[in-house]
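Trainee: generate a structure from the sequence data that follows.
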Amino acid sequence: MKKLQQITHLIYEAAVVKRLLRTGWQILGDNEEGVGEHTFMTAVIAYFLARSMSQKSEQSQQINMEKVMIMSVFHDFHEARTGDLDKIAKFYMTRDQNKANRDIFKGADDGLLAILEEYEERKSPEARLVYEANVIAFLVELKLLIEKGNTHAGEWLDANLMRLRIPEAVTLAKDLAKTSSQDWWKSIRQTLHEEFAR
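Mentor: Numbers count the residues shown, from 1 in each chain. This next block holds a predicted model:
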C-alpha cells in the first residue's frame, strides 16, 4: 500500500515537471518551453541516436535501449523540486540533483534511482548519449527560433554544437541545423498544391 502511494505521488510530481517552464529562454526573450516538452524531444532524439550507434558498433558494444529511454524520460525529473536553472544562474546558485532524485525515488524505485545516478556521472555510453540528446533537443528549439527571426539564437546554436562529442550526435545536430524545420512535409505540401490546382 505504501509503495502504491509513493507511485501515486510520483505521478502527480510528474505533472509538476510537465507544467514547469525552462528558464533559459527568458534570457533570449523568445520562447516558452516546458520541461516536459524538452524531455519528450530528448527521448525521441536519444532513441534515434541509440539506434544509429547500435547499428554501427559491434555486438559486444550494443547500447542498452531500455536504459537510454529511462534516462531520457527521467533526466530532468528532479526539477520538480530544484527548479530549472539556466546556465547563468548556475554561476551563482547550486542545487543538489542527486539529493532531489534520492528524495523522489528512494524506496519507490531504487533501480530508476541507480540509472539516474549513472546519468549524472556521464560515464556510461548510455549516459553520454542521453546527455547529448538533451543538448540536441535544445538545438532544435534554437533552430526554430532562428527561423522565426531571433537574431541571437544562432550564436547559442553554434556554441552548443561545440558541446557534442559523439560522432553520430554531431552529424545529426549539424543536419538539423542546416535543414528547414518545414522540410519534413515538403512532399505532402507538393501533393496538396497539385490537388488544390485541379
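Trainee: secondary structure element for the most centrally placed residue in the chain, which one?
Mentor: With distances taken as C-alpha atoms, centre = their mean, the chain has T42 as the residue nearest its mean C-alpha position (2.7 Å). T42 is part of helix 35-56 when elements are defined by DSSP states H and E.
Trainee: okay, now the residue nearest to E132 when sequence neighbours are not counted: neighbour count?
Mentor: Spatial nearest neighbour of E132, excluding adjacent residues (C-beta to C-beta, 6 or more residues apart in numbering): A169 at 4.1 Å. The C-beta positions use only the backbone N, C-alpha and C, and glycine is treated the same way. Neighbourhood size, A169 [other C-beta atoms under 10 Å]: 24.
Trainee: doesn't A169 lie inside a strand?
Mentor: No - under the criterion used here (DSSP: H, G, I helix; E, B strand; the rest coil), A169 is helix, not part of a strand.
Trainee: for D175, see how far away it is.
Mentor: Noted for A169: a distance of 11 Å to D175, by C-beta to C-beta, to the nearest Å.
Trainee: ok, now L20?
Mentor: For L20, the distance to D175 - C-beta to C-beta - is 30 Å.
Trainee: of the two, which one has the most company?
Mentor: Set L20 next to D175 and count neighbours by other C-beta under 10 Å: L20 wins out with 17 against 9.
Trainee: mind listing what's buried in the helix-or-strand element of the chain with minimal mean pLDDT?
Mentor: Least confident element among the helices and strands of the chain, by mean pLDDT, DSSP states H and E: helix 25-28 (a mean of 85). Residues W25, L28 are the ones in helix 25-28 that count as buried (16 or more other C-beta atoms under 10 Å).
Trainee: cool, thanks, talk later.
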